[in-house]
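One predicted model, sequence on top.
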Amino acid sequence: MQVLWIHGLGELSRVGITIGVMVVIFNRFQNEIAALPMLSTYIAATLSYWVALILSD
């Protein structure tokens, strides 16, 4: 149970850091980056990773 808790905390911190980096990138390169495709791709990749972890049992 402790391993699962640590993994969840690591995932949460990874998502938080990624959101922070994306905010900085979107503010710095507003005219050169399409936000919707980038965010939707990130969400799809993250969800597929989580689903793979759940179903790997």
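Good, I have the coordinates.

okay, now Ile25: neighbour count?
Number of residues near Ile25 (other CB atoms under 10 Å) recorded here: 14. For the C-beta atoms, the positions are set from N, CA and C on the backbone; glycine is no exception.

dump the residue contacts of it.
Ile33 (CB atoms under 8 Å, 6 or more residues apart in numbering).

sec struct for it, please.
With DSSP: H, G, I helix; E, B strand; the rest coil as the basis, Ile25 sits in helix.

Would you quantify the distance from it to Gly10?
Using CB to CB, to the nearest Å, Ile25 is found at 22 Å from Gly10.

In this structure, where is pLDDT below threshold?
For the chain, applying pLDDT under 70 flags the ranges 57.

Which stretches in it count as strands?
Using DSSP state E, no strands are assigned anywhere in the chain.

what residues are up against the spatially most central residue of it?
When CA atoms, centre = their mean is applied to the chain, the residue found nearest the centroid is Val15 (4.3 Å). Taking CB under 8 Å, 6+ apart as the criterion, Val15 is in contact with Thr46.

Okay, it and Thr46: tell me how far apart.
7 Å.

next one: Ile33
Distance from Ile33 to Thr46, by CB to CB: 18 Å.

got the contact list for stretch 38-50?
Contacts of stretch 38-50 (CB under 8 Å, 6+ apart): Glu11, Val15, Thr18, Met22.

Now do the contacts for Ile33.
Ile33 sits in contact with Ile25, Phe26, where contact means CB under 8 Å, 6+ apart.

Look up phi and psi at it.
phi -120, psi 130 (degrees, to the nearest 10).

how close does it get to Asn27?
To Asn27, Ile33 is 10 Å away according to CB to CB.

and if you look at Ser40?
Counting by CB to CB, the gap from Ser40 to Asn27 is 19 Å.

Of those two, which one has the most company?
Ser40 (11 against 8).

Got phi/psi on Phe29?
When read as degrees, to the nearest 10, the backbone of Phe29 gives phi -120, psi 50.
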